[in-house]
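Trainee: Below is the sequence, then the predicted model.
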Amino acid sequence: MSSSAARRIAGEDLSEEMQAILADQAEVADDDEPLEPELLAALAESDAQIARGEIVPWEVVREEMRRTRRSG
């Protein structure tokens, strides 16, 4: 599934990072099932929550944990 198709299903614009993730998912082997519309909508909502500052992306948390370990 293309990232533009994912945006249409989810009904929202997605970040470039999320578009890349969805594009990677679209390139999986033929025996893998496609992402369900509900999952695409959930991904879009979490992306919107990140944009609004309501939640922190896991990448940020992971990097902060790495910095804490290095300095600790």
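Mentor: Now that the structure is in, tell me what you want to look at. Residues are numbered from 1 along each chain as shown.

Trainee: helix/strand/coil for the residue sitting nearest the centre point of the chain?
Mentor: Centroid check for the chain by CA atoms, centre = their mean gives Met18 as the closest residue, at 3.9 Å. Three-state call for Met18 (DSSP: H, G, I helix; E, B strand; the rest coil): helix.

Trainee: And it, what's its pLDDT?
Mentor: Model confidence at Met18, given as pLDDT, is 76.

Trainee: repeat for Glu36
Mentor: The score at Glu36 is 87. That number is its pLDDT.

Trainee: Would you mind measuring from the closest residue to the residue nearest to the centre of the chain other than its chain neighbours to Arg67?
Mentor: In space, Met18 comes closest to Asp47 once its chain neighbours are excluded; the distance is 4.9 Å by CB to CB, 6 or more residues apart in numbering. Bear in mind the C-beta positions are built from the backbone N, C-alpha and C, glycine included. Distance, Asp47 to Arg67, by CB to CB, to the nearest Å: 24 Å.

Trainee: after the helix or strand encompassing Leu39, next one along is what?
Mentor: Per DSSP states H and E: Leu39 is located in helix 37-51. Next along the chain after helix 37-51, taking DSSP H and E as the criterion, comes helix 58-71.

Trainee: Would you mind listing the outside residues contacting that following helix?
Mentor: Identification of contacts with helix 58-71 by CB atoms under 8 Å, 6 or more residues apart in numbering yields no residue at all.
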